[in-house]
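Asks: I'll drop the sequence and a predicted model, then ask my questions.
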Amino acid sequence: TEDKLRENIRSPQVAQCLQRLQSALVDDAGSFNSIIANFQLDASDGAAAMAAGNPIEAFLNCLIKDVEKKGDGKKSDEEAKDAGEDGMDES
């Protein structure tokens with residue numbers, strides 16, 4: 001439920017994980033790009049947030065853009081499949 005999700009997000013465990021992630025992202029100049037590369041994300045998607053000094057936001061922006069890109073591809077595949085099925089129905 002939404003209440004459980006809110007409770008989990010505000011938990012000390014999640015806060016600790018975010019602190020560790022932030023620490024890993026800002027440890028040195030190459031950490032952010034290294035972490036982004038390990039996740040096969042595009043660092044430019046988080047460049048604005050990183051320049052503003054928010055590595056967590058930058059990382060999340062990269063993740064969001066990656067999901068959006070993959071989602072668009074999946075949607076296109078589904079649309080093509082639907083179009084193909086429609087074409088078969090007309091035959």
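Replies: Looks like it arrived, so ask away.

Asks: Which helix or strand contains the residue nearest the centre of the chain?
Replies: Nearest to the mean C-alpha position of the chain, by C-alpha atoms, centre = their mean, lies L63 at 1.4 Å. Assigning secondary structure by DSSP states H and E places L63 in helix 55-90.

Asks: ditto for A48
Replies: Per DSSP H and E: helix 47-51 holds A48.

Asks: Report all helices and strands that that helix contacts.
Replies: Identification of packing neighbours for helix 47-51 by 3 or more C-beta pairs under 8 Å, 6 or more residues apart in numbering; DSSP states H and E yields helix 55-90. In this view, the C-beta of every residue, glycine as well, is placed from N, C-alpha and C.

Asks: Could you pull up the mean pLDDT of the helix it packs on?
Replies: For helix 55-90, mean pLDDT rounds to 73.

Asks: And for stretch 32-50?
Replies: Mean predicted confidence for stretch 32-50 is 91.

Asks: And for that stretch, what's in contact with it?
Replies: Under the criterion C-beta atoms under 8 Å, 6 or more residues apart in numbering, residues 24-26, 55, 57-66 lie in contact with stretch 32-50.

Asks: Kindly recompute the last result at 10 Å.
Replies: Here stretch 32-50 makes contact (C-beta atoms under 10 Å, 6 or more residues apart in numbering) with 21, 24-28, 30, 54-66, 68-69.

Asks: List the buried residues for that stretch?
Replies: F32, I35, I36, L41, A43, D45, G46, A49, M50 (16 or more other C-beta atoms under 10 Å).

Asks: Any idea how far apart the tips of that stretch sit?
Replies: 9 Å (C-alpha to C-alpha, to the nearest Å).
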